[in-house]
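Visitor: Give me the fold of what follows.
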Amino acid sequence: MKKVFVLGISILFLWSCNNTTEKSTEKQATENHEEHQHDESSEAIELNNGEKWLVNEEMKPFVMKGEELVNAYIQNNHTDYKALAQQVKDQNSQLIKSCTMDGKSHDELHKWLHPHLEIVKALEDEADASKANEIVLQLQHSYQQYHHYFN
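Guide: Got it, this is the predicted structure:
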């Protein structure tokens with residue numbers, strides 16, 4: 001079920017980046033578009049000739065808000081990791097809906113987003129608070145990776 005969810009979100013992300021019209025639901029997007037796959041050698045994010053990739057301005061607020069949520073959760077010693085997972089998931093959905101990128105920068109962003117979505121899903125599904133705290137740290141690291149590769 002986790003893989004189906006991640007696949008669905010990935011397909012939605014790819015579709016939304018190539019379609020600027022309004023989308024009625026995520027379900028319709030996943031039903032109407034074919035699966036997008038990468039081979040294993042293409043999964044490592046690359047810089048743009050040593051420089052960070054540019055991300056469209058309309059997408060940045062959703063990444064920043066997600067990162068703020070994770071950092072505040074850690075700094076304030078919050079414990080409701082299920083709520084955090086839902087909040088970050090909401091930001092990711094808005095990020096996907098706002099995507100207008102294409103080309104190599106889009107492909108590289110997708111390489112970051114796919115594992116990021118898996119981490120959020122793992123947090124959402126986790127039953128053990130101790131393990132959830134480890135996953136929250138993985139989320140924080142994911143956002144650090146984003147800043148390493150994207151501007």
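Visitor: any idea how far S130 is from L137?
Guide: Between L137 and S130 the distance is 12 Å, computed by Cβ to Cβ, to the nearest Å. Heads up, the C-betas are built off the backbone N, CA and C, glycines and all.
Visitor: Of these two, give the one with the bigger neighbour count.
Guide: L137 (13 against 7; other Cβ atoms under 10 Å).
Visitor: State the helix or strand in which that one lies.
Guide: According to DSSP states H and E, L137 maps onto helix 129-149.
Visitor: Show me what counts as buried in that helix.
Guide: Neighbour counts over helix 129-149 (16 or more other Cβ atoms under 10 Å) mark 132-133, 135-136, 138-140, 142-143, 146, 149 as buried.
Visitor: Could you do stretch 80-98 as well?
Guide: Counting neighbours by 16+ other Cβ under 10 Å, one finds that the buried residues in stretch 80-98 are 81, 84-85, 87-89, 91-98.
Visitor: Now do the same contact list for I135.
Guide: Listed by Cβ atoms under 8 Å, 6 or more residues apart in numbering, the contact set of I135 reads 81, 119, 122-123, 126.
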